[in-house]
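# structure for the following, please:
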Amino acid sequence: MRWALVLSVVAVAGCAAERQNVAGREGMLAAAGFTVRPADTAARQAELRTLPPHRFVTQAGNGKTVYLYPDPTQCGCLYIGSEPAYQQYQRMAVQAELADEQPAAAPMAMDRWNWAPWGPGWW
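Below is the predicted model:
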């Protein structure tokens, strides 16, 4: 019984984190220059369901590549972007990932750290 409760809490937390990731990604798409088209007709909704959700899809035509990002769950819409918009999104995504990996803003002074448990000469 306890394991079922723990697993359900973990699953809910995972879903919340995924929703936050999707929402952040979509904010970056808009900032990068993607246009948002709502699936506000039955035909658009049907077409949106044919695309893999939350995955980029490319369409080529007239010598240009168009990037589509379907979001049937958050906004019920389709993000449409050009090659430059997609490249800008990629740059923004890399910058966001690097920012997440930065060390804490106030690192502890190394001279106060007890290195003894880690063994001599590790560096």
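# report the buried residues of the lengthiest strand in the chain.
Counting by DSSP state E, the longest strand found in the chain is strand 64-71. Neighbour-count burial for strand 64-71 flags Val66, Tyr67, Leu68, Tyr69, Pro70, Asp71 (criterion: 16 or more other CB atoms under 10 Å). From N, CA and C alone the C-beta is placed, and that goes for glycine too.
# strand partners of whichever helix or strand comes after it, parallel vs antiparallel please.
Next in sequence after strand 64-71, counting helices and strands by DSSP states H and E, comes strand 77-81. Here strand 77-81 is paired, per DSSP bridges, with strand 35-38 (antiparallel), strand 64-71 (antiparallel).
# out of the buried residues of strand 64-71, who's nearest Glu101?
Tyr69 (24.2 Å; CB to CB).
# show me what contacts the residue nearest to that closest one when sequence neighbours are not counted?
Computed as CB to CB, 6 or more residues apart in numbering, the closest residue to Tyr69 that is not its neighbour in sequence is Tyr79, at 4.0 Å. Residues near Tyr79 by CB atoms under 8 Å, 6 or more residues apart in numbering: Glu26, Leu29, Ala30, Phe34, Thr35, Val36, Arg37, Leu68, Tyr69, Pro70, Asp71.
# can I get the strands paired with strand 77-81 in CSV including mean pLDDT?
What follows is the strands paired with strand 77-81, written out as CSV (pLDDT from 0 to 100):
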stretch, mean pLDDT
strand 35-38, 95
strand 64-71, 95
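# columns distance to Met92 on top of these, output as JSON lines?
Below are those laid out as JSON lines (distance: least, CB to CB, whole Å):
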{"stretch": "strand 35-38", "distance to Met92": "16"}
{"stretch": "strand 64-71", "distance to Met92": "14"}
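# so which of these gets nearest Leu51?
Of the strands paired with strand 77-81, nearest to Leu51 by CB to CB is strand 64-71, at 4.1 Å.
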